[in-house]
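1. Have a look at this prediction, sequence included:
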Amino acid sequence: MSTQQASSNGVLRAAEILDLTIAQAHEAERHDLIQRLTDARRLLVDSPVKVHLVGGRQQGKSSLIDALVGPVGAAGPNEVTIDLPAGQLSLIEAVTTTITSPPAGRGRIGQAHAVLFVSDASTELTRVEVEYLRTMQDCCPTIIFVLTKIDVNGQWRHVFERDKALLNDAGIGVEAVAVSATLHKQSQRTGDDELARMSGISKLSEILERIADDAERTSLRAVANHVLFALDQLADMLRSRRSRLLQPGRSAQVRTAVRTAEQRLDEIRSGSARWQKLLRDSFVNVTSDVDFDLRQRMQAVLTEAEHTIEHTNPAKNWDEFASWLRQRLTAEAQANNELALNASRSVSLQAAKHIAPGEMHIVDPPQAIVATDLPTPLTADQALGSSRIGISAVVNIALRAYMGFVMFYLLTRLTELTLPMTLSLIPTFLMGGLAVIEERNRRLEKRRDQASTTVRSYITDFSMRVTKESRDQLRQLEQDLRDSYGARSEQMQRSLTDTRNQCQRRLKELEQAPALLSQIDNDFALLADLRARASAIIPAALLAPSTAPR
């Protein structure tokens, strides 16, 4: 059998094992493992070999790429193709701003044949970086640790040895190489072979060439790593399931859980009709109480306003009176709104008791904006009319004064008294003054009547507006509570239904425990067979430590 045939057979065996493992993941409903194994299939067919370059910011990744790249062909964003004697290799720079644990791009790392993890020589690896490397090794077993910028740190050898010791203590087996892109550039300009050797780029290139030369072995190693990880996960699930089936008294516990869930479902379903009727009837009563309270408040304001108008001259202090009236109406409307909100909260509390007696999930009605004024302003001109004296009033006063003069003149003629004419001014001014006083009183009463009518109309309009907004608010509050509690009730019913169904499935499993235990043993045997076959694809010494045979 030729090497080409053996190589093809290895890929075919790996693909067959992948398919069988994906089938087991489907049966266990592990969609994460299905996705991971599906991505791993690409490793068997992808060409060229994909090497991901990972590291934090300002660690020298871009300079390292410039030093490694020979003839370049663009393959996509942050990706270049390197031509090596053993073949092409695709170098992909991961867009990484910070090193986190676990890796944020774990899915992309799982699609790589190999990974270059870059860290500069300024400081040794942190605990987070070591943990990042450990988690990343579970996704890709072929990892090369690259220490960069050794030309700017005279203590780089100490940092390098310390980093290797940290990785070894953490059980992370990786190749390590120290490089300097700056020294490599200088060696290219000067042709200094010793400088080129000191830069470490040639050693890293040899490692990459070995990966490219052994592309299929690298792919099989990565695939075997993914398969063994998935098999471990599936085996853990089987062990957990077996433990549940063998747990003493489990059947009685599950039956109790089923009965509890069904009782809670019955309580919620029977309480649903009660709390909906409660909301409907309660808000009818609340609306009636709020309307009555508002009418009482508006009547009290009107009575006080009319009393004030009756005992004062509206023309003298109208602006002050109008300001007081607006503030009083606003205060009464706000008090009426508080009554509506407090009553709504009380209804919400009562409804919550019917929905979930043991939880008391209460919906608090929101604070509403109260109408505080009408579009038409309450001005003096509108309430009192014009302050000018009319022509008829002037003529009336003049006639009354003239009548006083005529009465004096006739009296002196009839009595044949000779009196100075200047005395005629007394009855003239007296009658005119009485006319002025009567006109003033008449105009005052007219202003009071007009002001009272205006205020009554203003308060009526204000009351109608507040009543409408209050009723709209209460209807909206009722609908909000109905929607919120309805959604809460449906959510609880779905949750309890899922719990009941899950418990029923577990109860069914427990009732079929002997047959299921036999099936679990068969599944264990199948997983063990798949593990043996996957381990045979590649030597165990080349697998990631976390997936090596135990």
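-> Received it, and whenever you're ready, just let me know what you need.
2. alpha carbons only for contacts and neighbour counts from here, please
-> Will do.
3. I'd like to know which helix or strand in the chain has the lowest mean pLDDT.
-> strand 72-76 (a mean of 46; mean pLDDT, DSSP states H and E).
4. buried ones in the helix or strand encompassing A333?
-> Here A333 sits within helix 318-355, counting by DSSP states H and E. Buried positions in helix 318-355, judged by neighbour count with 16 or more other CA atoms under 10 Å: 318, 321-322, 325-326, 328-330, 332-341, 343-345, 347-355.
5. try stretch 460-480
-> For stretch 460-480, by 16+ other CA under 10 Å, it's 460, 462-463, 466-467, 469-471, 473-475, 477-478, 480.
6. now swap in stretch 280-299 and tell me
-> Buried residues in stretch 280-299 (16+ other CA under 10 Å): 282-283, 286-287, 289-291, 293-295, 297-299.
7. With respect to K50, which of those residues is nearest?
-> Among the buried residues of stretch 280-299, F283 lies closest to K50 (CA to CA), at 67.9 Å.
8. close enough to count as contact, L302 and R456?
-> Yes. With contact defined as CA atoms under 8 Å, L302 counts as touching R456 (6.6 Å).
9. Would you map out the domains in the protein?
-> Here the domain parsing of the chain from automatic domain parsing is 1-45+216-246+512-550, 48-213, 253-387+452-511.
10. Could you dump the ones you listed into JSON lines and include distance to R442?
-> Below are the domains of the chain laid out as JSON lines (distance: least, CA to CA, whole Å):
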{"stretch": "domain 1-45+216-246+512-550", "distance to R442": "93"}
{"stretch": "domain 48-213", "distance to R442": "88"}
{"stretch": "domain 253-387+452-511", "distance to R442": "12"}
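11. tell me what the strand or helix carrying E206 is packed against?
-> E206 belongs to helix 201-213 when assigned by DSSP H and E. In terms of contacts (3 or more CA pairs under 8 Å, 6 or more residues apart in numbering; DSSP states H and E), helix 201-213 is packed against helix 61-68, strand 87-93.
12. How far does the shortest one sit from its chain's centre?
-> Here the centre of strand 87-93 is set off from its chain's centre by 40 Å, with CA atoms, centre = their mean, to the nearest Å.
13. for stretch 213-223, same thing?
-> What separates the centre of stretch 213-223 from the centre of its chain is 43 Å, taken as CA atoms, centre = their mean.
14. list the buried ones in it?
-> Result for stretch 213-223 [16+ other CA under 10 Å]: buried residues 213, 215-223.
15. which among those residues gets closest to L43?
-> After measuring the buried residues of stretch 213-223 against L43 - CA to CA - the closest member comes out as S219, at 5.6 Å.
16. Please, which helix or strand holds that closest one?
-> helix 215-246.
17. Quick check: mean pLDDT of that helix?
-> The average pLDDT for helix 215-246 rounds to 82.
18. other SSEs contacting the helix or strand following that helix?
-> Reading on from helix 215-246 to the C-terminus, the next helix or strand found by DSSP H and E is helix 250-310. Counting contacts by 3+ CA pairs under 8 Å, 6+ apart, helix 250-310 is packed against helix 318-355, helix 425-511.
19. Give me the next element, helix or strand, following the last one.
-> Secondary structure here is assigned by DSSP H and E; on that basis, the next helix or strand after helix 425-511 toward the C-terminus is helix 513-537.
20. Please compute how far that next one lies from its chain's middle.
-> 43 Å.
21. just the angle between it and helix 425-511, please?
-> 80 degrees (axes from the mean of the first three to the mean of the last three CA atoms, to 10 degrees).
22. what is the mean pLDDT for helix 513-537?
-> 78.
23. Which other helices and strands does it contact?
-> helix 3-27, helix 215-246.
24. Dump those to a markdown table, plus distance to I34.
-> Shown next, in a markdown table, are those (distance: least, CA to CA, whole Å):
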| stretch | distance to I34 |
| --- | --- |
| helix 3-27 | 6 |
| helix 215-246 | 9 |
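25. so which of the ones you listed comes closest to S202?
-> That would be helix 215-246 among these, by CA to CA, at 19.4 Å.
26. Would you mind listing the buried residues in the closest one?
-> 215-232, 234-235, 238, 241-242, 244-245.
27. Run a quick check on L68 versus K203, I expect a contact.
-> No. Checked against CA under 8 Å, the pair L68 and K203 is beyond contact range at 10.7 Å.
28. low-confidence ranges in the stretch 151-300 of the chain?
-> Scanning the stretch 151-300 of the chain for pLDDT under 70 picks out the ranges 244-254, 270-271.
29. And the contacts of stretch 229-243?
-> By CA atoms under 8 Å, 6 or more residues apart in numbering, the surrounding residues in contact with stretch 229-243 are 21, 24-25, 28, 33, 37, 138, 517, 520, 524, 527, 530-531, 546-547.
30. Out of the residues you listed, the closest to R127 would be?
-> Nearest to R127 among the contacts of stretch 229-243, with distances taken as CA to CA, is D138, at 17.2 Å.
31. tally of neighbours for the closest one?
-> The local packing of D138 (other CA atoms under 10 Å) involves 21 other residues.
32. And for G191?
-> G191, neighbours per other CA under 10 Å, totals 12.
33. Any figure for the gap between it and L68?
-> 17 Å (CA to CA, to the nearest Å).
34. who's in contact with T21?
-> By CA under 8 Å, 6+ apart, the neighbours of T21 are 227, 230-231, 530.
35. Turn the residues you listed into a markdown table, including distance to L147.
-> Converted to a markdown table, the contacts of T21 look like this (distance: CA to CA, whole Å):
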| residue | distance to L147 |
| --- | --- |
| V227 | 31 |
| A230 | 32 |
| L231 | 34 |
| L530 | 38 |
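36. Among the residues you listed, list the two that are farthest apart in space.
-> So for the contacts of T21, where distance means CA to CA, the most widely separated pair is A230 and L530, at 10.7 Å.
37. Low-confidence stretches in the stretch 301-450 of the chain?
-> Ranges of the stretch 301-450 of the chain meeting pLDDT under 70: 355-402, 404-441.
38. got the contact list for the residue nearest to S463 when sequence neighbours are not counted?
-> What sits nearest to S463 in space, not counting adjacent residues and going by CA to CA, 6 or more residues apart in numbering, is M298, at 6.8 Å. Shown in contact with M298 (CA under 8 Å, 6+ apart): 329, 332, 459, 463.
39. which among these gets closest to Q58?
-> The closest of the contacts of M298, once distances to Q58 are taken by CA to CA, is E332, at 66.6 Å.
40. Quick check: that closest one touching R297?
-> Yes. Applying CA under 8 Å as the test, E332 and R297 come out as touching, 6.4 Å apart.
41. Burial-wise, tell me which of the helices and strands packed on helix 201-213 comes out on top.
-> strand 87-93 (a mean of 21; mean count of other CA atoms under 10 Å).
42. Is V130 in a helix, a strand, or coil?
-> Secondary structure, DSSP: H, G, I helix; E, B strand; the rest coil: V130 is helix.
43. Tell me, how many residues neighbour it?
-> Neighbourhood size, V130 [other CA under 10 Å]: 17.
44. Tell me the one of the contacts of M298 nearest I17?
-> The closest of those, once distances to I17 are taken by CA to CA, is E332, at 79.4 Å.
45. so who does the closest one touch?
-> 294, 297-298.
46. What's the separation between it and S187?
-> For E332, the distance to S187 equals 89 Å [CA to CA].
47. can you check Q476 too?
-> Separation of Q476 from S187 (CA to CA) stands at 79 Å.
48. A315 now?
-> 102 Å.
49. wait, isn't V115 in contact with V54?
-> Yes. In this structure, V115 is within contact of V54 by CA under 8 Å, at 7.1 Å.
50. wait, T81 sits on L91?
-> Yes. T81 sits in contact with L91 when judged by CA under 8 Å, with a separation of 6.1 Å.
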